[in-house]
Each structure stands twice: as C-alpha cells, then as structure tokens.
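Chemist: sharing a model prediction with you, sequence too.
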Amino acid sequence: MTSTAPLDPTSIRRAPKVLLHDHLDGGLRPATVLALARETGYAELPADTEQGLARWFRESADSGSLVRYLETFAHTVGVMQTREALVRVASECAQDLAADGVVYAESRFAPEQHTDGGLTLEEVVEAVLEGFAEGCAAAASAGHPIRVGVLVTAMRHAARSREIAELAVTYRDAGVVGFDIAGAEAGYPPTRHLDAFEYLRQANAHFTIHAGEAFGLPSIHEALQWCGAERLGHGVRIVDDIAVAADGTATLGRLAAYVRDQRIPLELCPSSNVQTGAAASVAEHPFGLLAALRFRVTVNTDNRLMSDCTMTSEMSALVEAFGYGWSDLQRFTINAMKSSFLHFDERLAIIDDVIKPGYAVLIG
Ligand SMILES: O=c1[nH]cnc2c1ncn2[C@H]1C[C@H](O)[C@@H](CO)O1
Ligand SMILES: [Zn+2]
C-alpha cells in the first residue's frame with residue numbers, strides 16, 4: 001500500500017525543488033558574516049552575535065521599502081571582497097540549498113560589487129564558480145546532489161551593464177547561465193541598459209530582469225517589449241493589469257494576457273515582497289490569483305538571510321495560505337525547471353529523472 005506524505009515542512013524539505021531567484025549576497029549564514037568580518041577586518045557590522053545579526057538583517061529588511069531593504073546588503077557585500085570569502089560563501093550556498101532539498105538553483109550576484117579589495121571582475125566570477133563546484137561536490141558526498149547555474153547581475157543605477165553582459169558570455173561554458181539587472185527599480189528603467197540586452201540577444205544568451213516589484217506595469221512592459229527579457233524577476237505587479245469582478249471573474253489587460261500567453265516565467269518571492277511592501281502578507285500575495293489563472297508561476301526565496309526563509313518555508317507558507325497540494329508544488333517546480341537557463345535536454349532530464357520520481361514518492 002502506498003500513502004501520501006503529509007504536507008508538512010519535513011516532507012516539503014524532502015521534495016525536489018527548483019530555485020531560479022536567489023541572491024548569493026542575500027543568503028549568507030549569519031555565522032559566516034561574523035567570521036568573514038573578523039578575517040577581512042570589516043568593522044561595520046551592526047551586531048556581534050549570530051542571533052543578533054540574524055535579527056538585525058530580518059528586522060532592517062522588514063522596512064516596507066525596497067530602497068531601505070537594499071541598504072542591508074552593504075554588510076554582506078562588505079565581507080565578500082576577497083577570493084577566499086567568495087569561494088566560502090558560494091560553497092556554503094550550494095550546501096545549504098542542497099540540504100533544503102533544492103536540486104537545481106540559479107544563484108545571482110553582481111560582480112561589480114566585489115572588486116573593492118582589488119579583485120578583477122574575472123577573478124570574482126572565477127572564485128564564485130570555484131565555490132559552487134566545491135559546494136556541489138560536498139553536497140553530493142552528503143547525499144544531496146544539486147546543480148547550480150550562476151547569473152551575473154548588473155546594478156541598474158550603475159553604468160557597467162554592457163561589461164557585465166560580456167562577462168556572462170565569456171563564462172557561459174564555465175557555469176554562468178545568464179544575466180540579470182537588480183537594484184532600486186523606481187527611477188532606473190531597464191531601457192537604460194538596452195545596449196547590454198541587445199548585445200546578449202545577438203550572442204544568443206539568456207537574461208531575466210528584476211521588474212514589477214517596486215514599480216508597476218511600465219517597468220514590466222519595458223523589460224519584455226524593449227529589452228527582450230525571457231523571465232521577470234518578481235513581475236508580481238502584473239496583477240495591476242488584471243481586473244477581478246465581484247463574482248471572481250478575471251479580465252486580463254493586454255500586457256497581462258501577453259505574459260500569460262507567452263508563458264513568461266514569473267520569479268515570485270512572497271516573503272521578500274511582504275518585507276518590501278509589494279504585498280501585505282503571504283495570504284494576500286498575488287501568487288494565489290496568478291497561479292489560479294495559470295500564469296507560469298515559480299516559487300523563490302530572493303534573499304534567505306534578509307527574509308529568514310528557505311525554499312521549504314516559502315512553499316510551506318504558500319500551502320498554508322492557499323491550500324496547495326503536492327500536485328500544485330510539483331507544477332510550480334516543473335514550471336521553474338522548464339524556465340531555467342539550462343539547455344532543453346538538461347532541463348528535461350532533471351524533470352524526468354529527479355523531479356517527477358521525487359514527487360511520485362511523496363504523492364504515493
Ligand atoms: O528583490 C530585489 N530587488 C532588487 N534588487 C535586489 C533584490 N534583492 C537583492 N537585490 C540586489 C542587492 C544585491 O546586492 C544585488 C546583487 O545580488 O541585487
Ligand atoms: Zn531579487
């Protein structure tokens with residue numbers, strides 16, 4: 001006799017999960033932030049105990065404003081300025097995700113923010129790739145195999161996006177699977193970086209854009225129709241283009257219809273959105289509506305340190321808020337794997353050989 005596993009955090013941790021939107025500099029272990037600050041002589045930390053630091057990141061990020069949320073990254077970026085620090089953070093990232101049951105992850109970070117200690121952009125990328133290789137090997141030895149692809153991010157307020165896009169192409173066969181832009185959204189439209197996106201399209205390279213998080217439909221429209229983004233980082237404000245009548249009938253505007261028709265993946269990050277004020281609570285997060293309307297929704301952590309979350313806790317919160325079952329979690333996971341920047345045959349192999357068998361065991 002087979003039986004269905006209970007939908008609790010212990011079983012959800014065992015389920016194979018796919019994470020497309022996780023910032024390397026937003027996922028450090030508090031103990032590692034402390035250790036690296038000591039080792040590298042970084043003296044600006046706002047707390048000197050593991051617990052105190054964990055609380056400081058969570059509470060400061062809980063500001064209701066993306067700009068204030070982003071200020072907390074000064075400290076994680078501050079301790080990630082040496083080769084050794086980057087290797088360690090990437091290695092621990094792979095191991096932490098694998099222990100949480102993530103089987104494929106795309107981890108993003110902005111190389112231009114890690115050169116203050118004298119590293120070149122290339123040295124920064126190589127250190128991170130080395131760390132992920134080390135972490136994936138350790139995770140496999142511990143019985144939790146994981147594959148990690150890197151996304152290099154350019155900061156939208158800066159002017160280095162073309163250079164970072166070239167970096168993505170240079171390292172495309174060494175573990176970098178795509179490009180992204182991040183940072184404060186209001187006032188920094190993605191079209192400021194059009195030359196980078198045009199270069200990437202010419203090079204048949206992949207990219208996603210943070211859009212529709214702190215700013216609404218114009219940002220999403222530019223990201224898709226001017227820049228050519230394949231996925232939307234957050235994209236949650238697409239709900240501004242959906243009218244829901246009293247009887248529950250939904251009417252999609254042209255942009256929302258385009259996003260759904262084209263199966264544009266939405267990298268939704270519920271806890272992060274609650275912290276930056278894009279949603280009042282997980283229960284009121286547009287994830288429920290977008291999933292019900294069959295948008296290509298995916299579940300993501302964004303910043304595990306700032307939001308004190310994991311893939312398991314994000315999925316558990318969604319189960320609690322919207323009553324999802326295993327088949328829904330499997331659907332969100334397959335949505336994510338289909339939307340990854342790996343080659344098609346590699347995506348299919350993970351879906352067929354890892355995700356489906358993993359959920360079959362849980363569904364019973
Ligand atoms: O959710 C986000 N929106 C915009 N920018 C973000 C978000 N989370 C992190 N970042 C920024 C801060 C990091 O230093 C940078 C690269 O990972 O990306
Ligand atoms: Zn993000």
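Modeler: Now that the structure is in, tell me what you want to look at. Numbers count the residues shown, from 1 in each chain. Ligands and ions are numbered 1, 2, ... in the order given.
Chemist: tell me the residues of the stretch 251-364 of the chain that contact ligand 1?
Modeler: Proximity of the stretch 251-364 of the chain to ligand 1, by Cβ under 6 Å from any ligand atom, involves residues 272, 302-303. Using the backbone N, CA and C atoms, a C-beta is placed for each residue, glycine as well.
Chemist: any weak-confidence spans in this structure?
Modeler: Applying pLDDT under 70 to the chain flags residues 1-2.
Chemist: again, 90 this time
Modeler: Counting by pLDDT under 90, the chain shows low-confidence ranges at 1-3, 63-68, 184-187, 213-215, 364.
Chemist: and the strands in it, which stretches?
Modeler: Remark: strands assigned in the chain by DSSP state E are 17-23, 102-109, 147-155, 176-182, 208-211, 231-234, 242-244, 250-252, 266-268, 297-299.
Chemist: what number of residues lie near the nearest residue to Phe215 once chain neighbours are set aside?
Modeler: Nearest residue to Phe215 in three dimensions, chain neighbours excluded: Glu185, at 4.4 Å (Cβ to Cβ, 6 or more residues apart in numbering). Using other Cβ atoms under 10 Å, Glu185 has 26 neighbouring residues.
Chemist: roughly how far does Glu185 sit from Ala291?
Modeler: From Glu185 across to Ala291, the span is 23 Å (Cβ to Cβ, to the nearest Å).
Chemist: also Ala349?
Modeler: 26 Å.
Chemist: quick one: which of those two has more around it?
Modeler: The residue with more neighbours, out of Ala349 and Ala291, is Ala291; 21 against 13, by other Cβ under 10 Å.
Chemist: what residues are up against that one?
Modeler: 297, 322, 328, 332 (Cβ atoms under 8 Å, 6 or more residues apart in numbering).
Chemist: turn these into a markdown table, including neighbour count.
Modeler: Listed next are the contacts of Ala291 as a markdown table, based on neighbours: other Cβ atoms under 10 Å:
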| residue | neighbour count |
| --- | --- |
| Val297 | 26 |
| Phe322 | 16 |
| Asp328 | 17 |
| Phe332 | 21 |
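Chemist: tally of neighbours for the residue lying closest to Ser316 once chain neighbours are set aside?
Modeler: Distances taken as Cβ to Cβ, 6+ apart put Pro9 closest to Ser316, at 4.9 Å, once the chain neighbours are dropped. For Pro9, the neighbour count with other Cβ under 10 Å is 15.
Chemist: contacting residues around Pro9?
Modeler: Taking Cβ under 8 Å, 6+ apart, we find Pro9 in contact with 312-313, 316.
Chemist: what separation do you get for it and Ile334?
Modeler: 21 Å.
Chemist: got it, and Ser11?
Modeler: Ser11 is 18 Å from Ile334, by Cβ to Cβ.
Chemist: and Ala110, by the same measure?
Modeler: Distance, Ala110 to Ile334, by Cβ to Cβ: 29 Å.
Chemist: neighbour-wise, which of the two wins?
Modeler: Ala110 (23 against 18).
Chemist: grab the nearest non-local neighbour of that one.
Modeler: Thr153 is the one closest to Ala110 (Cβ to Cβ, 6+ apart), at 4.3 Å.
Chemist: and the one you found, how many residues sit next to it?
Modeler: Around Thr153 there are 28 residues (other Cβ under 10 Å).
Chemist: so what's it up against?
Modeler: Shown in contact with Thr153 (Cβ under 8 Å, 6+ apart): 23, 108-111, 164, 179-182.
Chemist: contacts with ligand 1 among the residues you listed, please.
Modeler: Okay, of the contacts of Thr153 touching ligand 1 (Cβ under 6 Å from any ligand atom), that's 23, 108-110, 182.
Chemist: tabulate those residues (JSON lines), appending distance to Leu121.
Modeler: Formatted as JSON lines, the ones next to ligand 1 among the contacts of Thr153 follow (distance: Cβ to Cβ, whole Å):
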{"residue": "His23", "distance to Leu121": "18"}
{"residue": "Arg108", "distance to Leu121": "15"}
{"residue": "Phe109", "distance to Leu121": "12"}
{"residue": "Ala110", "distance to Leu121": "10"}
{"residue": "Ala182", "distance to Leu121": "16"}
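Chemist: most surrounded residue in those?
Modeler: In terms of neighbours by other Cβ under 10 Å, the ones next to ligand 1 among the contacts of Thr153 top out with Phe109 at 29 neighbours.
Chemist: hang on, it packs against Leu24?
Modeler: Yes - counting by Cβ atoms under 8 Å, Leu24 is a contact partner of Phe109 at 3.8 Å.
Chemist: overlap of the contact sets of these two?
Modeler: What both Phe109 and Leu24 touch, as defined by Cβ under 8 Å, 6+ apart, is the set Val128.
Chemist: what are the bridge partners for the one residue in the stretch 201-350 of the chain that gets nearest to ligand 1, then?
Modeler: Of all residues in the stretch 201-350 of the chain, His210 sits closest to ligand 1, at 4.6 Å by Cβ to the nearest ligand atom. Beta-bridge pairing of His210 under DSSP bridges involves Gly233.
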